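[1] Have a look at this fold, sequence not included:
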(Lines give C-alpha, C1' and ligand atoms only; values in the text may rest on other atoms or scores of the structure.)
Protein backbone atom coordinates (compact mmCIF):
# COMPACT_ATOMS: atom_id res chain seq x y z
CA UNK A 1 0.00 0.00 0.00
CA UNK A 2 1.12 3.57 -0.65
CA UNK A 3 0.99 6.37 1.90
CA UNK A 4 -1.91 7.88 -0.03
CA UNK A 5 -3.80 4.59 0.23
CA UNK A 6 -3.20 4.46 3.98
CA UNK A 7 -4.48 8.02 4.33
CA UNK A 8 -7.55 7.32 2.24
CA UNK A 9 -8.36 4.17 4.18
CA UNK A 10 -8.18 5.91 7.56
CA UNK A 11 -10.34 8.82 6.37
CA UNK A 12 -12.87 6.39 4.92
CA UNK A 13 -13.10 4.49 8.21
CA UNK A 14 -13.54 7.75 10.14
CA UNK A 15 -16.32 8.72 7.72
CA UNK A 16 -18.20 5.49 8.41
CA UNK A 17 -17.79 5.70 12.19
CA UNK A 18 -19.04 9.30 12.14
CA UNK A 19 -22.10 8.13 10.21
CA UNK A 20 -22.69 5.35 12.73
CA UNK A 21 -22.43 7.84 15.59
CA UNK A 22 -24.92 10.17 13.89
CA UNK A 23 -27.36 7.31 13.28
CA UNK A 24 -27.15 5.80 16.78
CA UNK A 25 -29.71 7.10 19.29
CA UNK A 26 -28.04 5.42 22.27
CA UNK A 27 -25.62 7.96 23.72
CA UNK A 28 -23.25 5.28 24.98
CA UNK A 29 -22.98 3.47 21.66
CA UNK A 30 -22.69 6.77 19.80
CA UNK A 31 -19.80 7.71 22.06
CA UNK A 32 -18.01 4.50 21.16
CA UNK A 33 -18.31 5.31 17.47
CA UNK A 34 -17.00 8.84 18.07
CA UNK A 35 -14.02 7.37 19.89
CA UNK A 36 -13.25 5.02 17.01
CA UNK A 37 -13.62 7.83 14.46
CA UNK A 38 -11.16 9.93 16.46
CA UNK A 39 -8.62 7.11 16.41
CA UNK A 40 -8.97 6.73 12.64
CA UNK A 41 -8.51 10.51 12.16
CA UNK A 42 -5.41 10.38 14.33
CA UNK A 43 -4.01 7.70 12.06
CA UNK A 44 -4.94 9.81 9.03
CA UNK A 45 -3.08 12.79 10.48
CA UNK A 46 -0.03 10.58 10.91
CA UNK A 47 -0.01 9.59 7.22
CA UNK A 48 -0.73 13.13 6.09
CA UNK A 49 2.31 14.31 8.01
CA UNK A 50 4.43 11.61 6.39
CA UNK A 51 3.27 12.70 2.94
CA UNK A 52 3.94 16.37 3.65
CA UNK A 53 7.39 15.50 4.99
CA UNK A 54 8.06 13.79 1.65
CA UNK A 55 6.94 16.92 -0.20
CA UNK A 56 3.71 15.34 -1.47
CA UNK A 57 0.40 17.19 -1.28
CA UNK A 58 -2.06 15.34 0.93
CA UNK A 59 -5.56 16.73 0.40
CA UNK A 60 -8.57 15.05 1.96
CA UNK A 61 -9.63 12.28 -0.37
CA UNK A 62 -13.23 11.05 -0.71
CA UNK A 63 -14.06 7.70 0.89
CA UNK A 64 -14.25 4.62 -1.29
CA UNK A 65 -17.59 3.73 -2.89
CA UNK A 66 -17.95 0.83 -0.45
CA UNK A 67 -17.45 3.05 2.59
CA UNK A 68 -19.79 5.73 1.23
CA UNK A 69 -22.44 3.07 0.72
CA UNK A 70 -21.95 1.75 4.26
CA UNK A 71 -22.27 5.26 5.67
CA UNK A 72 -25.42 5.88 3.64
CA UNK A 73 -26.96 2.59 4.81
CA UNK A 74 -26.11 3.42 8.42
CA UNK A 75 -27.88 6.78 8.20
CA UNK A 76 -30.95 5.28 6.56
CA UNK A 77 -31.25 1.91 8.27
CA UNK A 78 -29.45 2.48 11.56
CA UNK A 79 -26.07 1.46 12.91
CA UNK A 80 -27.03 -2.16 13.54
CA UNK A 81 -27.63 -2.67 9.81
CA UNK A 82 -23.95 -2.33 8.95
CA UNK A 83 -22.09 -3.32 12.12
CA UNK A 84 -21.54 -6.99 11.21
CA UNK A 85 -20.36 -5.95 7.73
CA UNK A 86 -18.01 -3.36 9.15
CA UNK A 87 -16.69 -5.88 11.67
CA UNK A 88 -15.73 -8.23 8.84
CA UNK A 89 -14.02 -5.42 6.96
CA UNK A 90 -12.06 -4.38 10.06
CA UNK A 91 -11.04 -8.00 10.69
CA UNK A 92 -9.87 -8.43 7.10
CA UNK A 93 -7.85 -5.20 7.22
CA UNK A 94 -6.47 -5.56 10.75
CA UNK A 95 -3.10 -6.74 9.41
CA UNK A 96 -2.72 -3.93 6.87
CA UNK A 97 0.11 -2.31 8.87
CA UNK A 98 2.06 -5.49 9.62
CA UNK A 99 5.60 -4.99 8.42
CA UNK A 100 5.13 -1.25 7.80
CA UNK A 101 8.01 0.33 9.81
CA UNK A 102 6.44 3.77 10.31
CA UNK A 103 3.11 2.30 11.39
CA UNK A 104 4.75 -0.19 13.75
CA UNK A 105 6.82 2.59 15.33
CA UNK A 106 3.65 4.61 15.89
CA UNK A 107 1.84 1.66 17.46
CA UNK A 108 -0.81 1.49 14.76
CA UNK A 109 -0.96 -2.32 14.47
CA UNK A 110 -1.72 -2.49 18.17
CA UNK A 111 -4.56 0.00 17.67
CA UNK A 112 -6.01 -2.16 14.92
CA UNK A 113 -5.74 -5.37 16.92
CA UNK A 114 -7.24 -3.89 20.08
CA UNK A 115 -10.44 -2.30 18.80
CA UNK A 116 -12.40 -4.55 21.12
CA UNK A 117 -10.49 -3.17 24.11
CA UNK A 118 -11.00 0.37 22.82
CA UNK A 119 -14.74 -0.27 22.65
CA UNK A 120 -14.78 -1.63 26.18
CA UNK A 121 -12.79 1.36 27.48
CA UNK A 122 -15.18 3.75 25.76
CA UNK A 123 -18.11 1.87 27.24
CA UNK A 124 -16.69 2.35 30.74
CA UNK A 125 -16.27 6.09 30.11
CA UNK A 126 -19.95 6.50 29.25
CA UNK A 127 -21.20 4.25 32.02
CA UNK A 128 -21.44 0.95 30.20
CA UNK A 129 -23.18 -0.32 27.07
CA UNK A 130 -25.80 -3.02 26.61
CA UNK A 131 -24.09 -6.38 26.11
CA UNK A 132 -25.80 -6.95 22.77
CA UNK A 133 -24.65 -3.60 21.36
CA UNK A 134 -21.13 -4.08 22.67
CA UNK A 135 -20.96 -7.56 21.18
CA UNK A 136 -22.08 -6.26 17.79
CA UNK A 137 -19.48 -3.50 17.79
CA UNK A 138 -16.74 -5.93 18.75
CA UNK A 139 -17.76 -8.15 15.86
CA UNK A 140 -18.61 -11.12 18.06
CA UNK A 141 -22.22 -11.16 16.93
CA UNK A 142 -22.95 -12.40 13.45
CA UNK A 143 -26.73 -12.62 13.38
CA UNK A 144 -27.71 -8.97 13.39
CA UNK A 145 -29.22 -6.71 10.79
CA UNK A 146 -26.06 -6.73 8.72
CA UNK A 147 -26.71 -10.38 7.98
CA UNK A 148 -30.31 -9.44 7.18
CA UNK A 149 -28.91 -7.00 4.64
CA UNK A 150 -26.73 -9.74 3.20
CA UNK A 151 -29.76 -12.05 3.02
CA UNK A 152 -31.69 -9.33 1.21
CA UNK A 153 -29.06 -9.03 -1.50
CA UNK A 154 -28.73 -12.79 -1.89
CA UNK A 155 -32.52 -13.28 -1.90
CA UNK A 156 -32.94 -10.81 -4.74
CA UNK A 157 -30.05 -12.50 -6.53
CA UNK A 158 -31.75 -15.90 -6.24
CA UNK A 159 -34.90 -14.54 -7.84
CA UNK A 160 -33.02 -12.77 -10.61
CA UNK A 161 -30.74 -15.65 -11.60
CA UNK A 162 -33.36 -18.41 -11.36
CA UNK A 163 -36.01 -16.53 -13.34
CA UNK A 164 -33.49 -15.25 -15.89
CA UNK A 165 -32.46 -18.84 -16.58
CA UNK A 166 -36.08 -19.95 -16.74
CA UNK A 167 -37.03 -17.19 -19.19
CA UNK A 168 -33.93 -17.72 -21.33
CA UNK A 169 -34.54 -21.48 -21.44
CA UNK A 170 -38.12 -21.06 -22.64
CA UNK A 171 -37.05 -18.36 -25.09
CA UNK A 172 -34.39 -20.71 -26.44
CA UNK A 173 -37.12 -23.23 -27.21
CA UNK A 174 -38.57 -20.59 -29.56
CA UNK A 175 -41.72 -20.11 -27.50
CA UNK A 176 -43.92 -17.09 -28.19
CA UNK A 177 -44.02 -14.01 -25.96
CA UNK A 178 -47.19 -15.11 -24.21
CA UNK A 179 -45.69 -18.43 -23.21
CA UNK A 180 -42.48 -16.77 -22.02
CA UNK A 181 -44.45 -14.22 -19.99
CA UNK A 182 -46.65 -16.88 -18.41
CA UNK A 183 -43.62 -19.03 -17.61
CA UNK A 184 -41.76 -16.09 -16.08
CA UNK A 185 -44.70 -15.05 -13.92
CA UNK A 186 -45.24 -18.65 -12.81
CA UNK A 187 -41.55 -18.91 -11.92
CA UNK A 188 -41.71 -15.65 -9.98
CA UNK A 189 -44.76 -16.68 -7.94
CA UNK A 190 -43.70 -20.28 -7.38
CA UNK A 191 -40.15 -19.32 -6.40
CA UNK A 192 -41.26 -16.52 -4.10
CA UNK A 193 -43.80 -18.77 -2.36
CA UNK A 194 -41.22 -21.52 -1.95
CA UNK A 195 -38.68 -19.09 -0.50
CA UNK A 196 -41.27 -17.60 1.86
CA UNK A 197 -42.37 -21.01 3.13
CA UNK A 198 -38.79 -22.13 3.61
CA UNK A 199 -37.92 -18.97 5.53
CA UNK A 200 -41.03 -19.26 7.70
CA UNK A 201 -40.18 -22.85 8.58
CA UNK A 202 -36.54 -22.00 9.22
CA UNK A 203 -37.25 -19.10 11.57
CA UNK A 204 -40.12 -20.90 13.31
CA UNK A 205 -38.00 -24.00 13.90
CA UNK A 206 -35.11 -21.93 15.24
CA UNK A 207 -37.41 -20.03 17.60
CA UNK A 208 -39.07 -23.21 18.85
CA UNK A 209 -35.71 -24.88 19.47
CA UNK A 210 -34.46 -21.83 21.36
CA UNK A 211 -37.63 -21.65 23.43
CA UNK A 212 -37.31 -25.34 24.35
CA UNK A 213 -33.71 -24.81 25.46
CA UNK A 214 -34.75 -21.83 27.60
CA UNK A 215 -37.64 -23.82 29.09
CA UNK A 216 -35.29 -26.69 30.01
CA UNK A 217 -32.88 -24.21 31.58
CA UNK A 218 -35.69 -22.59 33.59
CA UNK A 219 -36.76 -26.04 34.85
CA UNK A 220 -33.19 -26.85 35.82
CA UNK A 221 -32.91 -23.60 37.78
CA UNK A 222 -36.03 -24.55 39.74
CA UNK A 223 -35.12 -28.21 40.27
CA UNK A 224 -31.33 -28.07 40.62
CA UNK A 225 -30.40 -24.50 41.57
CA UNK A 226 -27.11 -25.40 43.23
CA UNK A 227 -25.89 -27.31 40.18
CA UNK A 228 -26.84 -24.42 37.91
CA UNK A 229 -25.06 -22.02 40.25
CA UNK A 230 -21.89 -24.06 40.01
CA UNK A 231 -22.09 -24.01 36.21
CA UNK A 232 -22.36 -20.22 36.18
CA UNK A 233 -19.59 -19.84 38.78
CA UNK A 234 -17.27 -21.91 36.57
CA UNK A 235 -18.06 -19.67 33.60
CA UNK A 236 -17.28 -16.51 35.57
CA UNK A 237 -14.12 -18.11 36.94
CA UNK A 238 -13.05 -18.76 33.35
CA UNK A 239 -13.67 -15.07 32.62
CA UNK A 240 -11.19 -14.05 35.31
CA UNK A 241 -13.28 -13.69 38.47
CA UNK A 242 -11.82 -15.15 41.62
CA UNK A 243 -13.85 -17.83 43.40
CA UNK A 244 -15.32 -15.54 46.06
CA UNK A 245 -16.32 -12.79 43.62
CA UNK A 246 -17.88 -15.29 41.21
CA UNK A 247 -19.87 -16.91 44.03
CA UNK A 248 -21.13 -13.53 45.30
CA UNK A 249 -22.20 -12.47 41.80
CA UNK A 250 -24.01 -15.75 41.14
CA UNK A 251 -25.76 -15.67 44.53
CA UNK A 252 -27.02 -12.18 43.72
CA UNK A 253 -28.22 -13.24 40.26
CA UNK A 254 -30.07 -16.25 41.66
CA UNK A 255 -32.09 -14.06 43.99
CA UNK A 256 -34.27 -13.53 40.90
CA UNK A 257 -35.10 -16.59 38.74
CA UNK A 258 -35.52 -14.32 35.71
CA UNK A 259 -32.07 -12.79 36.11
CA UNK A 260 -30.56 -16.23 36.69
CA UNK A 261 -32.18 -17.55 33.51
CA UNK A 262 -31.05 -14.52 31.55
CA UNK A 263 -27.45 -14.94 32.71
CA UNK A 264 -27.33 -18.70 32.09
CA UNK A 265 -28.94 -18.28 28.69
CA UNK A 266 -26.34 -15.75 27.61
CA UNK A 267 -23.27 -17.27 29.26
CA UNK A 268 -23.92 -21.01 29.06
CA UNK A 269 -26.20 -21.34 26.01
CA UNK A 270 -25.11 -18.35 23.96
CA UNK A 271 -28.74 -17.23 23.62
CA UNK A 272 -30.06 -13.69 23.86
CA UNK A 273 -33.50 -14.16 25.51
CA UNK A 274 -34.59 -10.79 24.09
CA UNK A 275 -33.86 -11.86 20.54
CA UNK A 276 -35.10 -15.31 19.58
CA UNK A 277 -34.67 -14.82 15.85
CA UNK A 278 -37.41 -12.41 14.82
CA UNK A 279 -40.89 -12.98 13.47
CA UNK A 280 -41.31 -15.89 11.02
CA UNK A 281 -44.08 -13.98 9.26
CA UNK A 282 -41.87 -10.94 8.76
CA UNK A 283 -39.06 -13.15 7.50
CA UNK A 284 -41.42 -14.95 5.12
CA UNK A 285 -42.84 -11.70 3.75
CA UNK A 286 -39.37 -10.24 3.26
CA UNK A 287 -38.16 -13.40 1.53
CA UNK A 288 -41.20 -13.41 -0.77
CA UNK A 289 -40.78 -9.74 -1.67
CA UNK A 290 -37.02 -9.91 -2.26
CA UNK A 291 -37.21 -13.00 -4.45
CA UNK A 292 -40.09 -11.49 -6.42
CA UNK A 293 -38.16 -8.25 -6.87
CA UNK A 294 -35.18 -10.03 -8.36
CA UNK A 295 -37.36 -12.32 -10.48
CA UNK A 296 -39.27 -9.38 -11.96
CA UNK A 297 -36.31 -8.03 -13.96
CA UNK A 298 -36.20 -10.79 -16.60
CA UNK A 299 -39.98 -10.95 -17.05
CA UNK A 300 -40.97 -7.26 -16.92
CA UNK A 301 -40.01 -6.42 -20.55
CA UNK A 302 -42.38 -9.11 -21.86
CA UNK A 303 -45.26 -7.17 -20.29
CA UNK A 304 -44.51 -4.13 -22.47
CA UNK A 305 -42.62 -5.30 -25.57
CA UNK A 306 -42.81 -7.97 -28.23
CA UNK A 307 -40.46 -10.16 -30.21
CA UNK A 308 -36.74 -9.47 -30.26
CA UNK A 309 -37.23 -6.17 -28.45
CA UNK A 310 -38.68 -7.96 -25.43
CA UNK A 311 -35.92 -10.59 -25.44
CA UNK A 312 -33.16 -8.00 -25.79
CA UNK A 313 -34.65 -5.74 -23.13
CA UNK A 314 -35.02 -8.68 -20.74
CA UNK A 315 -31.40 -9.67 -21.25
CA UNK A 316 -30.06 -6.12 -20.85
CA UNK A 317 -32.23 -5.28 -17.82
CA UNK A 318 -31.16 -8.50 -16.13
CA UNK A 319 -27.53 -7.67 -16.90
CA UNK A 320 -27.86 -4.28 -15.22
CA UNK A 321 -29.47 -5.96 -12.18
CA UNK A 322 -26.67 -8.54 -12.04
CA UNK A 323 -24.10 -5.74 -12.02
CA UNK A 324 -25.93 -3.96 -9.19
CA UNK A 325 -26.23 -7.09 -7.08
CA UNK A 326 -22.62 -8.01 -7.73
CA UNK A 327 -21.50 -4.57 -6.59
CA UNK A 328 -23.65 -4.92 -3.45
CA UNK A 329 -22.03 -8.25 -2.58
CA UNK A 330 -18.66 -6.48 -2.35
CA UNK A 331 -19.88 -5.16 1.00
CA UNK A 332 -19.67 -8.68 2.40
CA UNK A 333 -16.74 -10.15 0.47
CA UNK A 334 -14.31 -7.23 0.68
CA UNK A 335 -13.63 -7.45 -3.07
CA UNK A 336 -13.63 -4.35 -5.25
CA UNK A 337 -17.13 -3.42 -6.38
CA UNK A 338 -16.11 -3.47 -10.05
CA UNK A 339 -14.64 -6.98 -9.74
CA UNK A 340 -17.70 -8.35 -7.93
CA UNK A 341 -20.05 -6.72 -10.44
CA UNK A 342 -18.24 -8.10 -13.48
CA UNK A 343 -17.92 -11.55 -11.91
CA UNK A 344 -21.64 -11.63 -11.16
CA UNK A 345 -22.46 -10.49 -14.68
CA UNK A 346 -20.20 -13.12 -16.25
CA UNK A 347 -21.66 -15.94 -14.15
CA UNK A 348 -25.23 -14.80 -14.83
CA UNK A 349 -24.67 -14.51 -18.58
CA UNK A 350 -22.94 -17.90 -18.70
CA UNK A 351 -25.84 -19.57 -16.88
CA UNK A 352 -28.39 -17.85 -19.13
CA UNK A 353 -26.45 -18.94 -22.25
CA UNK A 354 -26.41 -22.55 -21.07
CA UNK A 355 -30.16 -22.63 -20.37
CA UNK A 356 -30.91 -20.85 -23.64
CA UNK A 357 -28.85 -23.42 -25.53
CA UNK A 358 -30.46 -26.34 -23.74
CA UNK A 359 -33.90 -24.87 -24.34
CA UNK A 360 -33.12 -24.49 -28.02
CA UNK A 361 -31.92 -28.10 -28.29
CA UNK A 362 -34.98 -29.43 -26.47
CA UNK A 363 -37.30 -27.26 -28.56
CA UNK A 364 -35.76 -28.48 -31.81
CA UNK A 365 -35.87 -32.12 -30.73
CA UNK A 366 -39.55 -31.84 -29.76
CA UNK A 367 -40.41 -30.22 -33.09
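    Yes, it's here. Remember, predicted model here, so these are calculated numbers, not experimental data.
[2] tell me which helix or strand of this structure sits lowest on mean pLDDT?
    Using mean pLDDT, DSSP states H and E, the weakest-scoring helix or strand in the chain turns out to be helix 115-125, at a mean of 40.
[3] contacts for stretch 245-253?
    229, 232-233, 236-237, 241, 259-260, 263 (Cβ atoms under 8 Å, 6 or more residues apart in numbering). C-beta: built from backbone N, CA, C; applies to glycine.
[4] try 10 Å this time
    228-242, 259-264 (Cβ atoms under 10 Å, 6 or more residues apart in numbering).
[5] And it, what's buried?
    Neighbour counts over stretch 245-253 (16 or more other Cβ atoms under 10 Å) mark 246-247, 250, 253 as buried.
[6] if you look at these, which of them are in helices?
    Of the buried residues of stretch 245-253, the ones assigned to helices by DSSP state H are 246-247, 250, 253.
[7] Which SSE is immediately downstream of the longest helix along the chain?
    Among the segments of the chain that qualify as a helix by DSSP H, the longest is helix 177-223. Remark: after helix 177-223, the chain's next helix or strand is helix 225-238, criterion DSSP states H and E.
[8] angle of that next one against helix 177-223?
    110 degrees (axes from the mean of the first three to the mean of the last three Cα atoms, to 10 degrees).
[9] contact partners of helix 225-238?
    For helix 225-238, using Cβ under 10 Å, 6+ apart, the contacting residues are 217, 220-222, 224, 241-243, 245-251, 253-254, 257, 260-261, 263-264, 266-268.
[10] got the phi/psi numbers for residue 306?
    phi -130, psi 160 (degrees, to the nearest 10).
[11] Can you tell me, leaving aside adjacent residues, what's nearest to it?
    Leaving aside its sequence neighbours, residue 306 sits nearest to residue 177 (Cβ to Cβ, 6 or more residues apart in numbering; 5.5 Å).
[12] what's around the one you found, how many residues?
    17 (other Cβ atoms under 10 Å).
[13] what does residue 227 give?
    So residue 227, with other Cβ under 10 Å, has 10 neighbours.
[14] Show me which positions of stretch 274-291 end up buried.
    Along stretch 274-291, these residues count as buried under the neighbour rule (16+ other Cβ under 10 Å): 276-277, 280, 283-284, 286-291.
[15] what's the answer for stretch 252-268, then?
    Neighbour counts over stretch 252-268 (16+ other Cβ under 10 Å) mark 253-254, 260-267 as buried.
[16] Sort out for me which of the residues you listed are in helices.
    253, 260-264.
[17] quick one: the closest residue to residue 243 other than its chain neighbours from residue 341, how far?
    The shortest distance from residue 243 to any non-neighbouring residue, by Cβ to Cβ, 6+ apart, is to residue 237 (6.5 Å). Distance check for residue 237 against residue 341: by Cβ to Cβ, to the nearest Å, it reads 51 Å.
[18] okay, these two: which has more neighbours?
    For residue 237 versus residue 341, neighbours defined as other Cβ under 10 Å are more numerous around residue 341 (20 against 14).
[19] Contacts only, for the more buried one.
    Taking Cβ under 10 Å, 6+ apart as the test, what residue 341 contacts is 322-330, 335.
[20] how about 7 Å then?
    323, 326-327 (Cβ atoms under 7 Å, 6 or more residues apart in numbering).
[21] mind listing which of those residues are in helices?
    323, 326-327.
[22] Now pLDDT too, for these, in a markdown table please.
    Output for the ones in helices among the contacts of residue 341, formatted as a markdown table (pLDDT from 0 to 100):
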| residue | pLDDT |
| --- | --- |
| 323 | 93 |
| 326 | 89 |
| 327 | 87 |
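[23] If you rank those residues by neighbours, which is first?
    Busiest of the ones in helices among the contacts of residue 341 [other Cβ under 10 Å] is residue 326, holding 25 neighbours.
[24] tally of neighbours for the closest residue to that residue other than its chain neighbours?
    Of all residues not flanking residue 326 in the chain, residue 344 sits nearest, at 2.7 Å (Cβ to Cβ, 6+ apart). Counted with other Cβ under 10 Å, residues neighbouring residue 344 total 24.
[25] How about the contacts made by residue 344?
    322-323, 325-326, 329.
[26] mind running it again at 10 Å?
    Counted by Cβ under 10 Å, 6+ apart, residue 344 has contacts 157, 160-161, 319, 321-330.
[27] buried subset of those residues?
    If we count by 16+ other Cβ under 10 Å, the contacts of residue 344 have these buried: 157, 160-161, 319, 321-330.
[28] So, low pLDDT: which residues of the stretch 151-300 of the chain?
    Within the stretch 151-300 of the chain, the segments meeting pLDDT under 70 span 277.
[29] Kindly report the domain assignment for the protein.
    3-137, 148-367 (automatic domain parsing).
[30] re the thing from before, of the contacts of residue 341, which is the nearest to residue 50?
    residue 327 (32.3 Å; Cβ to Cβ).
[31] Surely that closest one and residue 157 touch.
    No: contact between residue 327 and residue 157 fails when scored by Cβ atoms under 10 Å: they sit 11.7 Å apart.
[32] Could you double-check that residue 20 lies in contact with residue 78?
    Yes: under the criterion of Cβ under 10 Å, residue 20 makes contact with residue 78 at 9.1 Å.
[33] Which one of these two is surrounded by more residues?
    residue 20 (28 against 15).
[34] Secondary structure element for the more buried one, which one?
    helix 3-23.
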